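K.L.:
prediction below, plus the sequence it came from.
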Amino acid sequence: MQRLYDFIRRHPTGVDGFWAVVLLGISLLWVGQTYPAVDHPVAYGVVAALFSLVVALRRRAPEKMLLLAVALGVAQLVLGLVPFLADFAMLVIIFTVAAHDGPRWASRLALVGGLSASTLSQIRWPMEGPGSEAAKVFFTIIMTVPFALAWVLGDSLRTRRAYFAQLEERASRLEQEREAQAKVAVAAERARIARELHDVVAHNVSVMVVQADGAAYVMDSSPETAKQALETISTTGRQALAEMRRLLGILRTGEHQEAGEYVPQPDVGQIEDLVEQVRGAGLTVDFAIEGSPRPLPSGVELTAYRIVQEALTNTRKHGGPDVGASVRLVYFDDGLGLLVEDDGRGAPQEMYEDGGADGRGHGLIGMRERVGMVGGTLDAGPRPGGGFRISALLPLKPAH
């Protein structure tokens, strides 16, 4: 049964042609059997052939076949050809036009023609025999029902097809939107990982470079100081590896058991440890906390840590010799304020004019992105009298 249904769907014109031949054969057989009792048998045969053509081409040219069916109906009325079996094609074409997603005038014409066909036929060939006018009206209504039902079924099928087509289009659009959102999410995650790696590598590697240079300088004169510098390099390297393992672990699949060696994300409480690490690398840093410390959203805490880390890294890179820095954390009722300043030479002018891209990194750009993600504000630029200042305000709730 399924194969037959598939064959019918693949060959609609062939199926319609088969039924057209059947209709033509039955109609001609009727004409042959009633030949002595009818006038103009040739006209009946021509009308039957044309109605069969309507059935055969109903899907290829529904509007044209509808007009042909209307013309044949009018010809029957004019020539006095009483309705016969070939008129069944009118029901078929009415259903086809109503189901076809074509011009609305064709559907309306099919409806009007179907509703008026029985009435016109009754007027042209009144019902013979005794009977009241009410009986004749009732008979006319009964004969109109098949035409109305054919149009209603066709229109319902057209509406159903349009509904399913709309559902398919919506599903396709949602799938495309889902793919686009997935791509955006992947790009955002890559950008986040890039920012994290930049902060981790830039900070820790700069500490290691400073300590390595110091160790090489005092290796002969002060071996104990050189040993302490090497220990700092080792500790900093392990810390950098731990943070990089945490970041890159999300890119691993479950088959890597090392993925369980993650460490928590840095928070505000670790800023003091960060300052101590920077002091151990030879940079003088003043650290102060104002207000009442309290738990903050994880995104705000990570952003605050990374801003301080990047600011101190930039101080070591651009501040010059004998530079000093200060870090202040201010707890407000509705947010956290950060102020990181140094008294060195400051970053090159083009670095903050271009938003943070100095050709050697994107530290300030990363800061602005981080602050923007939590709905905060960032101000970075040279200090009056020399040095560089970074000021940020991180709200407890992201701005809408």
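P.N.:
Received the coordinates, thanks. Everything quoted here is computed from the prediction, not taken from an experiment.
K.L.:
only C-alpha atoms for contact and neighbour calcs from this point on.
P.N.:
Noted.
K.L.:
leaving out chain neighbours, which residue sits closest to Asp267?
P.N.:
Of all residues not flanking Asp267 in the chain, Glu301 sits nearest, at 4.6 Å (CA to CA, 6 or more residues apart in numbering).
K.L.:
distance of the most centrally placed residue in the chain from Thr303?
P.N.:
Geometric centre of the chain, nearest residue: Glu177, 1.0 Å, by CA atoms, centre = their mean. According to CA to CA, to the nearest Å, Glu177 and Thr303 sit 30 Å apart.
K.L.:
returning to what we had before: so for the helix or strand hosting the residue nearest to the centre of the chain, mean pLDDT?
P.N.:
Applying DSSP states H and E as the criterion places Glu177 in helix 133-218. The average of the pLDDT scores along helix 133-218 is 82.
K.L.:
show me what that helix is packed up against.
P.N.:
Judged by 3 or more CA pairs under 8 Å, 6 or more residues apart in numbering; DSSP states H and E, the packing partners of helix 133-218 are helix 88-99, helix 104-124, helix 223-249, helix 298-318, helix 363-373.
K.L.:
and the angle for it with helix 223-249?
P.N.:
170 degrees (axes from the mean of the first three to the mean of the last three CA atoms, to 10 degrees).
K.L.:
just name the shakiest helix or strand of the chain by mean pLDDT.
P.N.:
Taking mean pLDDT, DSSP states H and E as the measure, the chain has helix 349-353 as its least confident helix or strand, at a mean of 48.
K.L.:
now do the contacts for Lys121.
P.N.:
In this structure residue 121 is Ser, not Lys. 77, 83 (CA atoms under 8 Å, 6 or more residues apart in numbering).
K.L.:
same check, this time on the one 4 residues further on
P.N.:
Trp125 sits next to Val82 when contact means CA under 8 Å, 6+ apart.
K.L.:
also Arg370?
P.N.:
Neighbours of Arg370 in contact, by CA under 8 Å, 6+ apart: Thr303.
K.L.:
ok, it to Leu302 distance?
P.N.:
Counting by CA to CA - Arg370 and Leu302 are separated by 9 Å.
K.L.:
circling back to that earlier point, per-residue confidence for the residue nearest to Asp267?
P.N.:
87.
K.L.:
ok, it to Gly269 distance?
P.N.:
Distance from Glu301 to Gly269, by CA to CA: 8 Å.
K.L.:
more neighbours: the two, which one.
P.N.:
Between Glu301 and Gly269, counted using other CA atoms under 10 Å, the more crowded position is Glu301 (20 against 13).
K.L.:
that one is in contact with Gln265, isn't it?
P.N.:
No. Counting by CA atoms under 8 Å, Glu301 stays clear of Gln265, with 9.0 Å between them.
K.L.:
can you classify Val340 as helix, strand or coil?
P.N.:
Of the three states, Val340 takes strand under DSSP: H, G, I helix; E, B strand; the rest coil.
K.L.:
quick check: Leu393 touching Leu336?
P.N.:
Yes. The criterion here is CA under 8 Å, and Leu393 meets it with Leu336 at 5.9 Å.
K.L.:
for Tyr331, phi and psi?
P.N.:
phi -90, psi 120 (degrees, to the nearest 10).
K.L.:
neighbours around the closest residue to it other than its chain neighbours, how many?
P.N.:
Closest residue to Tyr331 apart from its sequence neighbours, by CA to CA, 6+ apart: Gly291 at 4.8 Å. Counted by other CA under 10 Å, the residues lying close to Gly291 total 11.
K.L.:
and Gly291, its phi and psi?
P.N.:
Phi and psi for Gly291, reported as degrees, to the nearest 10, are phi 90, psi -170.
K.L.:
who's in contact with it?
P.N.:
Applying CA under 8 Å, 6+ apart, the residues near Gly291 are 330-332.
K.L.:
quick check, pLDDT for it.
P.N.:
pLDDT at Gly291 comes out at 89.
K.L.:
check the offset of stretch 204-221 from the chain's centre.
P.N.:
Offset of stretch 204-221 from its chain centre (CA atoms, centre = their mean, to the nearest Å): 52 Å.
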